[in-house]
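Colleague: Based on what follows, work out the 3D shape:
(one chain, ligands or ions: 1)
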Amino acid sequence: MLLLLVVVIVGLLIFGFLITKTTKEVPKSWLEWKTEFKYQYIGALGLIHDAQYASRDRVTLYKQPDRIAVITGGNRGIGLRIVEKLLACDMTVVMGVRDPDSAKTAVGAIVDLTQTKGKLICEQLDVGDLESVRSFAKHIAQKYPKIDVLLNNAGIMFAPFKLSDDGYESHFAINYLGHFLLTHLLLPQLRAAGQKGKNARIVNVSSCVNLIGSINYKDINGLDNYYPGAAYSQSKLAQILFTRHLQTLLDREQSHVQVNVVHPGIVDTDLFEHSATTSVPFLKKIFFKTPERGSRTVVYAAIDPSIEGRGGTYLSNCCKGPVHASAKQPAKCEKLFNFSCDLLKIKEYGNGK
Ligand SMILES: NC(=O)c1ccc[n+]([C@@H]2O[C@H](COP(=O)([O-])OP(=O)(O)OC[C@H]3O[C@@H](n4cnc5c(N)ncnc54)[C@H](OP(=O)(O)O)[C@@H]3O)[C@@H](O)[C@H]2O)c1
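Modeller: Numbering: from 1, shown residues only. Purely as a prediction, here's the structure:
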C-alpha cells in the first residue's frame with residue numbers, strides 16, 4: 001500500500017513537473033537539473049512523511065493569557081493559522097507584517113476579534129529590509145519588556161533574482177538574515193520572559209529542503225549562477241545552522257530561552273506561486289497539507305510542554321526529523337553564525353543593539 005502511494009506520488013510529481021515550466025525558471029545546466037530532481041525527491045519524501053505521521057501531527061491549545069507572541073508574516077498561509085491558534089490560547093499576538101490593516105482584516109475574517117480573549121496587534125515590518133527590522137524591533141522592545149515566543153515565519157520561495165536594498169539576495173535577506181537580526185534584537189526581551197521550567201521560545205520556520213541546501217560563502221547572493229531552488233534551500237539550511245549555534249550560546253549562558261526549527265509539512269499556500277505545481281492545483285488539494293495542518297508543528301514548537309528544555313531540535317509533524325549533515329557539525333553552525341554577525345556588524349550577539 002505504502003509502495004503504491006510512493007509510486008503514485010512520485011509519478012504525479014514528475015508528471016506535474018514535466019507538463020509545467022510555465023511559471024518557473026527552466027533549469028539551464030546539469031547542476032540546475034540536479035537541484036530540480038533533488039527537489040522532486042525531497043518533496044515526495046516530505047509528502048510521504050506527512051501522510052505517515054498524520055496522527056502525530058497534533059497540538060493541544062491551552063490558555064496562556066499572560067503570554068506574548070511575536071510573529072513575522074501571518075496575514076496569510078500557514079502564519080494566518082498560527083495566529084488563529086495563538087489567539088485561541090488567549091495570547092497577545094503581535095504580527096510584523098508589510099500591510100498591518102489588511103493583516104487585521106485577514107485575521108478578522110477567521111477569528112471573531114470582538115469575542116476572543118487574545119489580543120491582536122499588527123505592526124509594520126518588511127523583514128527583507130534591515131532598517132525596517134531595526135525599527136520594528138525597537139518599537140516592540142519598548143512596548144513589551146517581555147516576549148514569550150518569537151516565530152520567524154515569513155518567507156518566499158523560488159522568487160526571481162532580486163537584491164534587497166541592503167544588497168542581499170531576496171531569499172537570503174527575507175528567509176534568513178532579517179530573522180537573524182530580529183532574533184538578535186529581541187533576545188533581551190525573550191531572556192526577560194523565560195523562567196525555569198517555562199522557557200521563552202524562538203521558532204524558526206525552515207523546510208525539509210534544508211537537506212539539499214548548501215551555503216555558498218564565496219557567492220552568498222548567487223550572483224555567478226543564480227538558481228531560485230538553490231537560493232531557497234540555502235536560506236532554509238541557514239535557518240537550521242543558526243538555530244543550532246544559537247541554542248549552544250543560550251545553553252552556555254544558562255538562559256531560559258530555547259530555539260527550535262520546524263518543517264511545517266508540504267502545505268497548499270501561495271508560497272508555491274513561482275513553482276511548477278501551480279499548474280496542477282488539484283495535486284496540491286489532494287496531497288498537500290491544509291494551512292491549518294501546516295500550522296500545527298509550528299505552534300507545537302511554540303507552546304507544547306513536552307518539548308520544554310529540548311531546544312536545538314528540528315521538528316516535522318510534531319516529532320524530531322532528520323537534518324542536514326552540516327547541522328551536526330558545531331563548527332559549521334558557528335561559521336555561518338559568525339559570518340552573519342560580520343555581515344550585520346554585530347559584535348556581541350543578543351544584546352539588543
Ligand atoms: N508551504 C509549504 O509547503 C512550506 C514548506 C516548508 C516551509 N515553509 C515555510 O513556511 C513559512 C510560511 O510559508 P507559507 O507557506 O505560509 O507561505 P505564504 O502563504 O506565501 O506566506 C508567506 C508569508 O510571508 C510574508 N512575507 C513574505 N515576505 C515578507 C517580507 N519581506 N516581510 C514581511 N513578511 C513577508 C507574507 O506576507 P505578504 O502578504 O506581505 O507577502 C506572508 O505572510 C515560510 O517560511 C516557508 O518557507 C512552507
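Colleague: measure the closest residue to the ligand within the stretch 101-250 of the chain to Gly222 for me?
Modeller: Using CB to the nearest ligand atom, the closest approach of the stretch 101-250 of the chain to the ligand is made by Gly155 at 2.5 Å. Any C-beta I mention is one placed from the backbone N, CA and C, and that applies to glycine too. Taking CB to CB, to the nearest Å as the measure, Gly155 falls 17 Å from Gly222.
Colleague: Now do Lys117: how many residues are near it, please.
Modeller: Close neighbours of Lys117, defined as other CB atoms under 10 Å, add up to 11.
Colleague: Revised request: answer the last question for Glu131.
Modeller: 10.
Colleague: List of residues touching whichever strand or helix holds it?
Modeller: Secondary structure from DSSP states H and E places Glu131 in helix 130-143. Residues outside helix 130-143 that contact it (CB atoms under 8 Å, 6 or more residues apart in numbering): 70, 94, 96, 123-127, 147, 164-166, 177-178, 181-182, 185-186, 188-189, 344, 352.
Colleague: need the residues of the stretch 151-300 of the chain near the ligand, please.
Modeller: Contact residues, the stretch 151-300 of the chain versus the ligand (CB under 6 Å from any ligand atom): 153-157, 174, 205, 207, 263-264, 266-267, 269-271.
Colleague: Show the buried residues in those.
Modeller: 153-157, 174, 205, 207, 263-264, 266-267, 269, 271 (16 or more other CB atoms under 10 Å).
Colleague: ok, back up a step: just give me the neighbour total for the nearest residue to the residue of the stretch 101-250 of the chain closest to the ligand once chain neighbours are set aside.
Modeller: Among residues not flanking Gly155 along the chain, Asn175 sits closest, at 4.8 Å (CB to CB, 6 or more residues apart in numbering). Neighbours of Asn175 under the rule other CB under 10 Å: 27.
Colleague: which SS state does Asn175 fall under?
Modeller: Taken by DSSP: H, G, I helix; E, B strand; the rest coil, the conformation at Asn175 corresponds to helix.
Colleague: OK, contacts around it?
Modeller: Ala154, Gly155, Ile156, Tyr232, Ser235, Lys236, Ala238, Gln239.
Colleague: hmm, back to that, just give me the least confident of the residues of the stretch 151-300 of the chain next to the ligand.
Modeller: pLDDT across those is lowest for Asp270, at 90.
Colleague: you'd agree that residue is up against Gly77?
Modeller: Yes - here Asp270 reaches Gly77: they are 6.0 Å apart, a contact under CB atoms under 8 Å.
Colleague: residues bridging contact with the two, i.e. touching both?
Modeller: Here Asp270 and Gly77 have no joint contacts, going by CB under 8 Å, 6+ apart.
Colleague: Could you pull out the buried residues of the biggest helix by length in the chain?
Modeller: Ranked by residue count and defined by DSSP state H, the top helix of the chain is helix 228-252. Across helix 228-252, burial judged by 16+ other CB under 10 Å covers 228-247, 249-250.
Colleague: Flag the shaky bits of this protein, pLDDT-wise.
Modeller: By pLDDT under 70, the weakly predicted segments of the chain are 1-25, 278-279.
Colleague: Please list all residues in contact with the residue nearest the centre of it.
Modeller: Closest to where the C-alpha atoms of the chain average out (CA atoms, centre = their mean) is Val205, at 1.9 Å. Val205 sits next to Ile78, Leu151, Asn152, Asn153, Gly155, Gln239, Val261, Val262, Pro264, Val298 when contact means CB under 8 Å, 6+ apart.
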